[in-house]
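1. fold the stuff below for me.
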Amino acid sequence: MRFVSGSQFPLRFLGLLRFPRFYYSFKSVLNYLGLVGLVWWVTASVAYAQSEFFDYLDAVHDQATAMQLHQNPHWLRLLHINPLSVDGESDIEDPGFFFSQGAQRGDPEAELHETIEAFLDPVFEKGDSHGICLYPARFHWLNQQLKFDPQYLPPVECERYEAWRKLINAQSVSLVFASSFMGNPGSVFGHTFLKINQKKGNTALNLLAFVVQYQAGVSDEEIGFEYAVRGVFGGYEGYYMLQPYYVPVRSNIEFEDRSLWEYELNLTEQETEVLVMHSWELSHTNIPYYFFLENCAYRILELIQIAAPQYELKEPFYLWAIPSTAVREVVDQDNLVAQVNYFPARTRQLLQKFEALNASEQALVVDIAHNPDSLNNSPFQNLSLLRQGLVLDTAVDFITSRLNENHDDASAKQIRRQLLRARSRLGSLEEVSLPPAHEIPIELGHRPNKIRLGLGVDDFRPFQEITTWPAYHDLLADEQGHLENSQLIAGQFQFRHYEATEDDNEQWTLHRFEVVNVMNLSPHNRIKRDSSWALLVAAQPSTKKRCPVCRKFRGAISYGWSTAFSQQSGLFYALGHTTVEVDDAYDYDYLVGAGVLTGLTWEWSTRWKALVSLEVVKGVLGDPHDYVEAQIHQRWTLAQNWDARLEVNYRNPWEGLAAVNYYF
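-> Take a look at the predicted model:
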């Protein structure tokens with residue numbers, strides 16, 4: 001037997017290794033074993049990491065539950081859940097606003113835990129659609145409360161949100177109030193929205209700033225009965241819109257002839273940031289819009305309160321919210337308003353320039369705006385370059401005003417181009433100081449709600465009267481802070497208590513109920529030719545049958561003109577009149593009539609104003625009944641929210657009344 005020495009075995013073994021088949025087979029085994037080991041190591045690491053992640057996730061859930069964050073008022077506000085509501089549901093019905101899809105809309109506890117999971121979701125490839133990007137205000141607040149461990153937060157890049165934040169460059173926020181506009185039923189009470197300022201304390205009209213608006217999704221064709229019904233009962237969706245400031249400026253100042261007031265809010269840097277973040281969250285959703293309560297005023301106050309919860313701004317509003325009241329609520333807060341900026345409406349700006357001209361120059365403006373060839377005539381050519389520039393600037397504004405009212409006026413477009421070319425030839429001129437635009441802000445006017453107590457006599461029978469309305473302003477009231485020469489009464493109840501007499505018993509009665517009583521008087525002048533109109537829907541005392549409880553239901557539309565005189569102290573109006581009335585005292589129970597409504601207002605002083613009016617109606621269809629109503633009223637302002645009235649009315653029979661109004 002032949003043995004191989006131990007010193008020779010390694011050499012022979014190495015020789016075997018050099019054999020190709022055995023060599024590669026052994027290498028494959030090694031690679032396989034290495035791969036198995038690597039997979040095992042990765043799997044074990046991932047399993048350990050997952051176990052660690054889920055342990056952390058469970059701990060965060062437990063912490064949130066222990067802290068009862070789902071009951072925290074700020075969390076409820078972020079979900080738009082009113083802590084005092086009966087059902088405890090969110091105002092937002094859009095399911096896309098919530099991570100949880102439970103039976104109850106916006107279940108705060110379920111939404112809290114689903115939000116935590118969405119924020120810690122490691123699938124960071126979602127990018128802009130990741131929970132952190134969609135809901136930065138929620139993340140900001142939850143991170144403050146729970147202090148998320150950074151190692152478990154995904155490295156999300158919110159490109160769209162960060163680009164938007166950089167674009168708006170929020171330094172402060174202003175509440176903006178747009179004055180009443182009688183041409184749109186949704187704007188008669190004014191409008192509020194938020195402006196995001198790129199600089200604190202700025203007094204200029206920065207058109208490149210951004211705004212946050214809450215508006216109903218209404219098309220231009222939806223005006224009328226359907227518009228009113230859907231608006232009252234939440235038939236429209238409300239949307240939070242983020243848009244450049246020049247969009248609402250053009251819409252309000254230019255097209256709708258409304259003035260703007262900016263109330264810059266004294267918010268901290270963090271409060272401003274929270275408001276901006278939550279505005280971004282709301283831009284992805286919608287909320288049912290209700291004209292009376294959950295409207296622009298209510299939602300904008302809610303947004304401010306989410307950012308600065310120390311101010312309880314929307315709590316006073318239970319039945320209705322009016323933009324002017326929202327402004328007062330903000331102004332009345334201690335140290336909330338830093339400064340106020342005012343930007344007048346288109347017509348007021350035009351009047352500013354018009355009043356800076358003498359009588360002959362004013363005549364030139366009107367002449368040039370209708371016939372640009374007048375620029376070559378001596379009255380214009382003899383003016384200095386400075387006065388020529390002022391006349392042309394005023395004429396351009398005048399013709400632009402016409403275009404804003406009628407965009408398709410080809411003649412006005414051509415005239416405007418000619419005037420602009422003429423103005424460009426004059427070059428840059430010295431700036432002329434203009435008379436200040438005088439307009440009182442809404443918070444200095446009387447409040448919208450009213451209660452009235454009066455004593456009177458009707459056909460020698462004494463009575464006491466209690467009248468109340470939720471809104472808003474009548475033609476005789478103090479105009480400070482309100483639209484001049486206008487009236488907007490909605491939901492007015494007028495009760496009377498008649499004393500007992502030898503012929504009649506003591507009784508209470510609803511003397512008058514006005515669903516709506518609107519009047520818009522736009523006096524004609526050299527640069528303005530707007531029409532005047534009125535609308536009335538009411539239950540009133542019968543004009544055919546005399547008794548304390550006899551009523552008729554009436555709808556009336558009036559259209560005509562008005563003119564101011566004696567340096568705007570007096571106003572005369574004459575309106576054509578159509579009325580439809582239902583009364584069981586009428587033949588066939590109805591009357592369709594035509595007639596005239598005319599009147600005169602005179603402002604003796606800032607505190608004393610008088611009104612004389614006459615209405616004549618002649619029955620055309622149905623009952624041939626004719627009637628005449630007349631009134632002589634006077635008002636004395638006692639304080640901002642108090643006035644006294646003395647009234648004499650002829651409504652077959654005569655009646656006299658002395659009353660005191662309190663606005664609240």
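2. neighbours around the residue nearest to Leu265 when sequence neighbours are not counted, how many?
-> Leaving out its chain neighbours, the residue that sits closest to Leu265 by Cβ to Cβ, 6 or more residues apart in numbering is Val173, at 5.1 Å. Just so you know, the C-beta spots here come from the backbone N, C-alpha and C atoms, and that holds for glycine as well. Counted with other Cβ atoms under 10 Å, residues neighbouring Val173 total 25.
3. list phi and psi for Val173.
-> phi -130, psi 140 (degrees, to the nearest 10).
4. wait, it touches Asn197, no?
-> Yes. Using Cβ atoms under 8 Å, Val173 is in contact with Asn197, at 6.6 Å.
5. need the overlap of contacts for these two.
-> Glu264 (Cβ atoms under 8 Å, 6 or more residues apart in numbering).
6. SS state for Ser558?
-> Under DSSP: H, G, I helix; E, B strand; the rest coil, the three-state class of Ser558 is strand.
7. that one - how many residues pack around it?
-> 22.
8. what's it in contact with, if anything?
-> Neighbours of Ser558 in contact, by Cβ under 8 Å, 6+ apart: Trp533, Ala534, Leu535, Leu575, Gly576, His577, Thr578, Leu597.
9. list the beta-bridge partners for it.
-> Beta-bridge partners for Ser558, by DSSP bridges, are Ala534, His577.
10. any idea how far Ser174 lies from Asp367?
-> 41 Å (Cβ to Cβ, to the nearest Å).
11. between these two, point out the one with more neighbours.
-> Neighbour count, other Cβ under 10 Å: between Ser174 and Asp367, Ser174 has more, with 24 against 18.
12. surely the more buried one is in a helix?
-> No. Going by three-state DSSP, the assignment for Ser174 is strand, not a helix.
13. wait, doesn't it sit right on Trp261?
-> No. With contact defined as Cβ under 8 Å, Ser174 does not reach Trp261; the gap is 9.3 Å.
14. which neighbours do those two share?
-> Shared contacts of Ser174 and Trp261, defined by Cβ under 8 Å, 6+ apart, are found at Asn341.
15. ok, so of the contacts of Ser558, who is nearest Val515?
-> Among these, Leu535 lies closest to Val515 (Cβ to Cβ), at 10.1 Å.
16. quick one, what contacts the closest one?
-> Here Leu535 is in contact with Val516, Asn517, Val518, Met519, Ala556, Ile557, Ser558 (criterion: Cβ under 8 Å, 6+ apart).
17. repeat the analysis, applying 6 Å as the threshold.
-> Residues counted as contacts of Leu535 (Cβ atoms under 6 Å, 6 or more residues apart in numbering) are Val518, Ile557.
18. and Leu120, by the same measure?
-> Applying Cβ under 6 Å, 6+ apart, one finds that Leu120 lies in contact with Tyr152.
19. for Pro316, give me the pLDDT.
-> Looking at Pro316, its pLDDT is 86.
20. let's verify the closest residue to it other than its chain neighbours: helix, strand, or coil?
-> Excluding the flanking residues, the one nearest Pro316 by Cβ to Cβ, 6+ apart is Glu329, at 6.6 Å. Recorded secondary structure, Glu329: helix (three-state DSSP).
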